[in-house]
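Student: Pasting a predicted model and its sequence here:
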Amino acid sequence: MSGHSKWATIKHKKGAADAKRGKLFAKLIRQVEVAARNGGGDLDSNATLRTMYQKARDASVPLDTIDRAVKRGTGELEGVNYEEVTYEGYGSAGVALFVEALTDNRNRTGSDVRSTFSKLGGSLAEPGAVAWQFERRGLVLLGASVSEDDVMEAALEAGAEDVSGGDGDLWSVTCEPAELNSVREALEGAGMPVESSDLTMVATSTVELTSAEDAKPVIRLLEALDDLDDVQHVHMNADIADDVMADLQD
């Protein structure tokens, strides 16, 4: 399984713990609000909002909380004006990291991200140094109870590009960003146990990490960045060997 899919699976598994701390809910609500501000509050005409709305529902964010976020985004309720910013950098072993944030204070967020890179052995790069190594894609996670043949048939027929995972874990289905909602709907319509769906960044080439010694500092930096309040997503181009990934989760 590629690096982005492995990390998405780990994040999905630890989502319950994040929710208990309130961080996951806060980040999802912010994403809904920004999507509504950028494209309006109509789920039918705003595909990004529909994706973020469903993502929040998958995480069990209360419906009235999501609806208030939409209204703040459209201006019906007073809210904070969040700005989308990205940061690019490198971790150990030359692993590229692409960080997406929503902030109401660029200076604060930039300082937090810079400090985290510095403390954990990484380094910030100039804009554009890392972004070219990633492509925006839709990602649907499915329960592993479905057979590979059934997943492949349903996913590819729905317009997906790739299926990976399984082996007692989640299936990862990737697709074009514009096809995310239709692919999810088709998989659900086929009776597939959809766990979540989201927009992500997929690395076009990867750095292989075959030992825990190489992988641990990368994961440590990734998790520290992801734990920052303003950071919404952290993407990497590391491809961590399955046995190493299993050791890291123990």
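Tutor: Cool, the structure landed.
Student: This structure: helices as residue ranges?
Tutor: 3-13, 15-21, 23-39, 47-58, 63-74, 106-119, 148-157, 180-189, 212-226, 242-249 (DSSP state H).
Student: Point out the one among the ones you listed that comes closest to residue 134.
Tutor: Ranking the helices of the chain by their distance to residue 134 (criterion: Cβ to Cβ) puts helix 3-13 first, at 8.6 Å. All C-beta atoms are positioned from the backbone trio N, CA, C, and that covers glycine.
Student: rewinding a little: now the helices of the chain in TSV, with mean neighbour count?
Tutor: Formatted as TSV, the helices of the chain follow (neighbours: other Cβ atoms under 10 Å):
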stretch	mean neighbour count
helix 3-13	20
helix 15-21	13
helix 23-39	21
helix 47-58	20
helix 63-74	18
helix 106-119	16
helix 148-157	16
helix 180-189	19
helix 212-226	19
helix 242-249	14
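Student: how about CSV for these, with mean pLDDT and distance to residue 140 added?
Tutor: Formatted as CSV, these follow (pLDDT from 0 to 100; distance: least, Cβ to Cβ, whole Å):
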stretch, mean pLDDT, distance to residue 140
helix 3-13, 57, 10
helix 15-21, 56, 15
helix 23-39, 94, 17
helix 47-58, 94, 10
helix 63-74, 96, 20
helix 106-119, 97, 29
helix 148-157, 90, 8
helix 180-189, 93, 5
helix 212-226, 92, 20
helix 242-249, 75, 20
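Student: Indicate which one of the ones you listed is closest to residue 235.
Tutor: Distance to residue 235, taken as Cβ to Cβ, is lowest for helix 3-13 among those, at 6.2 Å.
Student: domains for the chain, by residue range?
Tutor: 3-74, 88-114+206-249, 133-203 (automatic domain parsing).
Student: picking up where we left off before, will you turn the helices of the chain into JSON lines that also has distance to residue 85?
Tutor: Formatted as JSON lines, those follow (distance: least, Cβ to Cβ, whole Å):
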{"stretch": "helix 3-13", "distance to residue 85": "20"}
{"stretch": "helix 15-21", "distance to residue 85": "21"}
{"stretch": "helix 23-39", "distance to residue 85": "12"}
{"stretch": "helix 47-58", "distance to residue 85": "17"}
{"stretch": "helix 63-74", "distance to residue 85": "18"}
{"stretch": "helix 106-119", "distance to residue 85": "6"}
{"stretch": "helix 148-157", "distance to residue 85": "33"}
{"stretch": "helix 180-189", "distance to residue 85": "23"}
{"stretch": "helix 212-226", "distance to residue 85": "13"}
{"stretch": "helix 242-249", "distance to residue 85": "29"}
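Student: mind listing what residue 74 touches?
Tutor: Under the criterion of Cβ atoms under 8 Å, 6 or more residues apart in numbering, the neighbours of residue 74 are 36, 37, 40, 41.
Student: cutoff 7 Å now
Tutor: 36, 40, 41 (Cβ atoms under 7 Å, 6 or more residues apart in numbering).
Student: again with residue 82
Tutor: Residue 82 makes contact with 30, 33, 34, 102, 103, 104 under the criterion Cβ under 7 Å, 6+ apart.
Student: how far away is it from residue 159?
Tutor: Taking Cβ to Cβ, to the nearest Å as the measure, residue 82 falls 31 Å from residue 159.
Student: Do you know the pLDDT at the most far-flung residue of the chain relative to its centre?
Tutor: Distance from the C-alpha centroid of the chain peaks at residue 76, with 28.1 Å (Cα atoms, centre = their mean). Listed pLDDT for residue 76 reads 95.
Student: go on, residue 234?
Tutor: Confidence score, pLDDT, at residue 234: 94.
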